[in-house]
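*Asks:* this one's structure only:
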(Lines give C-alpha, C1' and ligand atoms only; values in the text may rest on other atoms or scores of the structure.)
Protein backbone atom coordinates (compact mmCIF):
# COMPACT_ATOMS: atom_id res chain seq x y z
CA UNK A 1 0.00 0.00 0.00
CA UNK A 2 1.16 3.52 -0.83
CA UNK A 3 0.56 6.57 1.35
CA UNK A 4 -1.92 7.99 -1.20
CA UNK A 5 -3.91 4.73 -1.09
CA UNK A 6 -4.17 5.00 2.68
CA UNK A 7 -5.45 8.57 2.29
CA UNK A 8 -8.07 7.21 -0.12
CA UNK A 9 -9.12 4.73 2.57
CA UNK A 10 -9.59 7.60 5.05
CA UNK A 11 -11.68 9.58 2.54
CA UNK A 12 -13.86 6.52 1.94
CA UNK A 13 -14.46 6.08 5.68
CA UNK A 14 -15.45 9.73 6.09
CA UNK A 15 -17.68 9.66 3.01
CA UNK A 16 -19.54 6.56 4.23
CA UNK A 17 -20.06 8.01 7.70
CA UNK A 18 -21.30 11.39 6.48
CA UNK A 19 -23.81 9.70 4.19
CA UNK A 20 -25.62 8.33 7.25
CA UNK A 21 -26.44 11.92 8.20
CA UNK A 22 -27.45 12.95 4.69
CA UNK A 23 -24.15 14.72 4.09
CA UNK A 24 -22.08 14.45 0.91
CA UNK A 25 -18.36 14.68 1.67
CA UNK A 26 -15.71 13.50 -0.76
CA UNK A 27 -12.48 14.71 0.81
CA UNK A 28 -10.65 15.00 4.09
CA UNK A 29 -10.99 18.12 6.22
CA UNK A 30 -8.93 21.15 5.22
CA UNK A 31 -6.65 20.60 8.22
CA UNK A 32 -6.02 16.95 7.31
CA UNK A 33 -3.76 15.12 4.93
CA UNK A 34 -0.11 14.44 4.23
CA UNK A 35 2.18 16.70 6.28
CA UNK A 36 5.57 15.04 5.67
CA UNK A 37 6.69 12.60 3.03
CA UNK A 38 5.56 11.40 -0.38
CA UNK A 39 2.12 10.14 -1.52
CA UNK A 40 3.95 7.43 -3.47
CA UNK A 41 5.93 6.12 -0.50
CA UNK A 42 5.30 2.52 0.54
CA UNK A 43 3.64 1.96 3.91
CA UNK A 44 5.53 -0.66 5.89
CA UNK A 45 3.56 -0.06 9.07
CA UNK A 46 1.28 2.55 10.66
CA UNK A 47 1.80 4.14 14.05
CA UNK A 48 -1.34 5.87 15.34
CA UNK A 49 -0.90 8.55 17.97
CA UNK A 50 -2.68 11.59 19.36
CA UNK A 51 0.21 13.95 18.53
CA UNK A 52 3.45 13.59 16.59
CA UNK A 53 5.68 14.15 19.60
CA UNK A 54 9.40 13.40 19.49
CA UNK A 55 8.66 10.26 21.52
CA UNK A 56 6.07 9.14 18.95
CA UNK A 57 8.56 9.66 16.11
CA UNK A 58 11.17 7.59 17.93
CA UNK A 59 8.60 4.84 18.56
CA UNK A 60 7.59 4.75 14.88
CA UNK A 61 11.24 4.33 13.89
CA UNK A 62 11.72 1.61 16.49
CA UNK A 63 8.62 -0.25 15.32
CA UNK A 64 9.72 0.17 11.66
CA UNK A 65 6.48 1.94 10.79
CA UNK A 66 6.99 4.21 7.78
CA UNK A 67 3.74 6.11 8.38
CA UNK A 68 2.64 8.10 11.41
CA UNK A 69 -1.05 8.90 11.61
CA UNK A 70 -1.46 11.71 14.14
CA UNK A 71 -4.78 13.15 15.26
CA UNK A 72 -3.56 16.63 16.19
CA UNK A 73 -1.45 18.90 14.02
CA UNK A 74 2.25 18.02 14.08
CA UNK A 75 3.15 21.71 14.28
CA UNK A 76 2.77 24.39 16.89
CA UNK A 77 1.29 27.57 15.45
CA UNK A 78 0.00 25.81 12.31
CA UNK A 79 -2.89 27.58 10.56
CA UNK A 80 -4.56 24.16 10.06
CA UNK A 81 -4.87 24.50 6.29
CA UNK A 82 -3.21 21.72 4.30
CA UNK A 83 -3.90 23.50 1.00
CA UNK A 84 -2.04 26.62 2.10
CA UNK A 85 0.12 25.63 5.08
CA UNK A 86 1.87 28.22 7.18
CA UNK A 87 4.23 26.56 9.64
CA UNK A 88 6.28 28.79 11.93
CA UNK A 89 9.98 27.99 11.76
CA UNK A 90 10.18 27.50 15.50
CA UNK A 91 12.83 25.25 17.01
CA UNK A 92 10.33 22.63 18.18
CA UNK A 93 8.72 22.40 14.72
CA UNK A 94 12.10 22.14 12.99
CA UNK A 95 13.30 19.46 15.39
CA UNK A 96 10.16 17.37 14.90
CA UNK A 97 10.36 17.68 11.12
CA UNK A 98 14.09 16.89 11.00
CA UNK A 99 13.64 13.84 13.24
CA UNK A 100 10.82 12.51 11.04
CA UNK A 101 12.85 13.04 7.85
CA UNK A 102 15.96 11.45 9.36
CA UNK A 103 13.90 8.32 9.95
CA UNK A 104 12.28 8.40 6.48
CA UNK A 105 8.82 8.78 7.97
CA UNK A 106 5.64 9.91 6.28
CA UNK A 107 3.11 11.77 8.41
CA UNK A 108 -0.64 12.13 7.87
CA UNK A 109 -2.89 14.15 10.15
CA UNK A 110 -6.40 12.71 10.49
CA UNK A 111 -8.45 15.03 12.68
CA UNK A 112 -12.03 15.84 11.58
CA UNK A 113 -12.49 12.41 10.04
CA UNK A 114 -11.64 10.52 13.22
CA UNK A 115 -13.66 12.95 15.35
CA UNK A 116 -16.69 12.08 13.25
CA UNK A 117 -16.38 8.37 12.59
CA UNK A 118 -15.04 7.12 15.94
CA UNK A 119 -13.97 9.52 18.65
CA UNK A 120 -17.41 10.92 19.50
CA UNK A 121 -19.08 7.54 19.98
CA UNK A 122 -16.07 5.85 21.58
CA UNK A 123 -15.69 8.53 24.26
CA UNK A 124 -19.30 7.90 25.32
CA UNK A 125 -18.71 4.14 25.42
CA UNK A 126 -15.48 4.67 27.38
CA UNK A 127 -17.39 6.66 30.01
CA UNK A 128 -19.99 3.91 30.33
CA UNK A 129 -22.83 5.99 28.89
CA UNK A 130 -25.79 4.28 27.20
CA UNK A 131 -26.42 4.58 23.47
CA UNK A 132 -27.02 8.23 22.59
CA UNK A 133 -30.66 9.30 22.48
CA UNK A 134 -29.75 12.03 19.99
CA UNK A 135 -27.09 11.99 17.28
CA UNK A 136 -26.80 14.95 14.94
CA UNK A 137 -24.36 16.27 12.39
CA UNK A 138 -21.78 17.46 13.32
CA UNK A 139 -20.21 15.90 16.45
CA UNK A 140 -23.35 15.99 18.58
CA UNK A 141 -24.19 13.07 20.88
CA UNK A 142 -26.75 13.55 23.67
CA UNK A 143 -27.32 10.87 26.33
CA UNK A 144 -30.21 10.32 28.75
CA UNK A 145 -29.11 8.80 32.06
CA UNK A 146 -30.90 8.21 35.40
CA UNK A 147 -30.85 11.49 37.35
CA UNK A 148 -27.96 11.76 39.80
CA UNK A 149 -26.05 14.56 41.56
CA UNK A 150 -23.30 16.22 39.53
CA UNK A 151 -20.79 15.14 42.20
CA UNK A 152 -21.66 11.48 41.68
CA UNK A 153 -21.39 11.76 37.90
CA UNK A 154 -18.03 13.52 38.29
CA UNK A 155 -16.82 10.70 40.55
CA UNK A 156 -17.88 8.16 37.92
CA UNK A 157 -15.99 10.05 35.20
CA UNK A 158 -12.92 10.23 37.43
CA UNK A 159 -13.05 6.49 38.03
CA UNK A 160 -13.52 5.65 34.34
CA UNK A 161 -10.65 7.86 33.22
CA UNK A 162 -8.30 6.98 36.08
CA UNK A 163 -7.52 10.66 36.61
CA UNK A 164 -6.43 11.71 40.10
CA UNK A 165 -8.19 15.07 39.81
CA UNK A 166 -10.76 16.58 37.46
CA UNK A 167 -12.27 20.05 37.19
CA UNK A 168 -16.03 20.49 37.56
CA UNK A 169 -18.13 23.58 36.91
CA UNK A 170 -21.57 23.88 38.52
CA UNK A 171 -23.52 23.05 41.67
CA UNK A 172 -22.21 19.69 42.85
CA UNK A 173 -25.60 18.80 44.35
CA UNK A 174 -27.58 19.56 41.19
CA UNK A 175 -29.24 16.49 39.71
CA UNK A 176 -28.48 15.92 36.04
CA UNK A 177 -29.90 13.43 33.57
CA UNK A 178 -29.13 14.79 30.08
CA UNK A 179 -25.46 14.62 29.06
CA UNK A 180 -23.62 16.05 26.06
CA UNK A 181 -20.02 15.42 25.01
CA UNK A 182 -17.53 18.13 24.09
CA UNK A 183 -14.44 15.93 23.96
CA UNK A 184 -10.97 16.93 22.82
CA UNK A 185 -10.52 20.62 22.13
CA UNK A 186 -14.22 21.30 21.60
CA UNK A 187 -14.35 22.34 25.25
CA UNK A 188 -12.07 25.31 24.59
CA UNK A 189 -13.63 28.76 24.24
CA UNK A 190 -12.35 29.03 20.66
CA UNK A 191 -14.89 26.28 19.83
CA UNK A 192 -17.95 27.67 21.61
CA UNK A 193 -19.83 27.43 18.32
CA UNK A 194 -19.86 23.67 18.89
CA UNK A 195 -21.26 24.26 22.39
CA UNK A 196 -24.10 26.27 20.83
CA UNK A 197 -24.90 23.27 18.65
CA UNK A 198 -25.24 21.19 21.82
CA UNK A 199 -27.34 23.73 23.75
CA UNK A 200 -30.35 23.49 21.46
CA UNK A 201 -30.80 19.93 22.74
CA UNK A 202 -30.88 21.23 26.35
CA UNK A 203 -28.12 19.18 28.01
CA UNK A 204 -27.75 19.73 31.75
CA UNK A 205 -24.10 18.72 31.84
CA UNK A 206 -21.35 18.55 29.25
CA UNK A 207 -18.40 16.19 29.67
CA UNK A 208 -15.36 17.77 28.09
CA UNK A 209 -11.86 16.98 27.07
CA UNK A 210 -9.99 20.25 27.57
CA UNK A 211 -11.58 23.49 28.86
CA UNK A 212 -10.34 26.98 29.65
CA UNK A 213 -11.61 29.71 31.98
CA UNK A 214 -13.67 31.46 29.29
CA UNK A 215 -15.50 28.24 28.49
CA UNK A 216 -16.21 27.59 32.16
CA UNK A 217 -17.73 31.07 32.54
CA UNK A 218 -19.80 30.41 29.42
CA UNK A 219 -21.12 27.23 31.04
CA UNK A 220 -22.00 29.05 34.27
CA UNK A 221 -23.90 31.83 32.49
CA UNK A 222 -25.77 29.23 30.41
CA UNK A 223 -26.84 27.39 33.60
CA UNK A 224 -25.17 24.15 32.54
CA UNK A 225 -22.61 22.02 34.34
CA UNK A 226 -19.33 20.87 32.85
CA UNK A 227 -16.82 18.14 33.69
CA UNK A 228 -13.29 18.29 32.28
CA UNK A 229 -11.14 15.24 31.63
CA UNK A 230 -8.17 16.09 29.39
CA UNK A 231 -7.72 16.47 25.64
CA UNK A 232 -5.94 13.15 24.96
CA UNK A 233 -7.80 11.17 27.63
CA UNK A 234 -11.06 11.97 25.83
CA UNK A 235 -9.73 11.06 22.37
CA UNK A 236 -7.28 8.20 22.79
CA UNK A 237 -10.00 5.56 23.33
CA UNK A 238 -11.23 6.34 19.81
CA UNK A 239 -7.71 6.20 18.40
CA UNK A 240 -7.14 2.79 19.99
CA UNK A 241 -10.38 1.54 18.50
CA UNK A 242 -9.28 2.89 15.12
CA UNK A 243 -6.13 0.77 15.39
CA UNK A 244 -8.24 -2.34 15.84
CA UNK A 245 -10.34 -1.44 12.79
CA UNK A 246 -7.21 -0.84 10.71
CA UNK A 247 -5.96 -4.31 11.59
CA UNK A 248 -9.24 -5.75 10.29
CA UNK A 249 -9.47 -3.58 7.18
CA UNK A 250 -5.78 -3.85 6.24
CA UNK A 251 -4.85 -7.48 6.96
CA UNK A 252 -1.11 -8.04 7.09
CA UNK A 253 -0.35 -4.37 7.77
CA UNK A 254 1.53 -3.65 10.98
CA UNK A 255 -0.47 -1.24 13.16
CA UNK A 256 0.80 0.16 16.46
CA UNK A 257 -0.64 2.62 18.96
CA UNK A 258 1.45 5.18 20.84
CA UNK A 259 -0.12 6.74 23.93
CA UNK A 260 1.09 10.27 24.65
CA UNK A 261 0.28 10.18 28.36
CA UNK A 262 -0.22 13.11 30.72
CA UNK A 263 1.85 16.25 30.13
CA UNK A 264 1.74 17.42 33.75
CA UNK A 265 1.79 16.16 37.33
CA UNK A 266 -0.68 16.88 40.13
CA UNK A 267 0.95 18.26 43.30
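*Replies:* Here it is on my side, so go on. What you see is a predicted model, and the numbers here were worked out from it, not measured in a lab. Residues are numbered from 1 along each chain as shown.

*Asks:* now residue 42. Nearest residue, chain neighbours left out?
*Replies:* residue 2 (6.2 Å; C-beta to C-beta, 6 or more residues apart in numbering). Where C-beta positions appear, they are placed from N, C-alpha and C, glycine not excepted.

*Asks:* can you give me the helices in the protein?
*Replies:* 3-19, 54-62, 91-102, 112-114, 120-126, 150-161, 192-199, 213-221, 231-249 (DSSP state H).

*Asks:* just the buried positions in the last one, please.
*Replies:* Neighbour-count burial for helix 231-249, counted by 16 or more other C-beta atoms under 10 Å, picks out 231-239, 241-243, 246.

*Asks:* cool, the second one as well?
*Replies:* By neighbour count on 16+ other C-beta under 10 Å, the buried set for helix 54-62 is 56-57, 59-61.

*Asks:* list the contacts of it.
*Replies:* With C-beta atoms under 8 Å, 6 or more residues apart in numbering as the test, helix 54-62 has contacts from 45, 47, 49, 66-68, 70, 95-96, 99-100, 103, 105, 256, 258, 260.

*Asks:* now that helix and helix 91-102, what's the angle there?
*Replies:* Helix 54-62 runs at 0 degrees relative to helix 91-102, counting by axes from the mean of the first three to the mean of the last three C-alpha atoms, to 10 degrees.

*Asks:* centre of the chain to helix 54-62, how far?
*Replies:* 20 Å (C-alpha atoms, centre = their mean, to the nearest Å).

*Asks:* equivalent analysis for the third one, please.
*Replies:* What separates the centre of helix 91-102 from the centre of its chain is 23 Å, taken as C-alpha atoms, centre = their mean.

*Asks:* again with the fifth one
*Replies:* Its chain's C-alpha centre and that of helix 120-126 lie 11 Å apart, by C-alpha atoms, centre = their mean.

*Asks:* returning to what we had before: closest to residue 37 out of the helices of the chain?
*Replies:* Taking C-beta to C-beta, helix 3-19 is the member of the helices of the chain nearest to residue 37, at 6.2 Å.

*Asks:* give the rounded mean pLDDT of that closest one.
*Replies:* This predicted structure assigns helix 3-19 an average pLDDT of 97.

*Asks:* try stretch 232-239
*Replies:* Rounded mean pLDDT across stretch 232-239 is 97.

*Asks:* follow-up on the earlier one: quick check, nearest of the buried residues of helix 54-62 to residue 122?
*Replies:* Of all the buried residues of helix 54-62, residue 56 has the smallest distance to residue 122: 20.1 Å, by C-beta to C-beta.

*Asks:* mind pulling the model confidence for the closest one?
*Replies:* As predicted, residue 56 sits at a pLDDT of 98.

*Asks:* and it, how far from residue 71?
*Replies:* 11 Å (C-beta to C-beta, to the nearest Å).

*Asks:* before we move on, the earlier item: just the helices of the chain: most buried one?
*Replies:* Greatest average neighbour count among those goes to helix 112-114 (a mean of 22), per mean count of other C-beta atoms under 10 Å.

*Asks:* got the contact list for it?
*Replies:* Outside helix 112-114, the residues within contact range by C-beta under 8 Å, 6+ apart are 10, 13-14, 28-29, 31-32, 71, 238-239, 242.

*Asks:* for stretch 186-203, same thing?
*Replies:* By C-beta under 8 Å, 6+ apart, stretch 186-203 touches 134, 136, 138-140, 142, 178-180, 182, 185, 206, 208-212, 214-215, 218, 222, 224, 226, 228.

*Asks:* one more: stretch 229-244?
*Replies:* 48-51, 71, 114, 118-123, 125-126, 157, 161, 163, 166, 183-185, 207-210, 255-257, 259-262.

*Asks:* alright, calling it a day.
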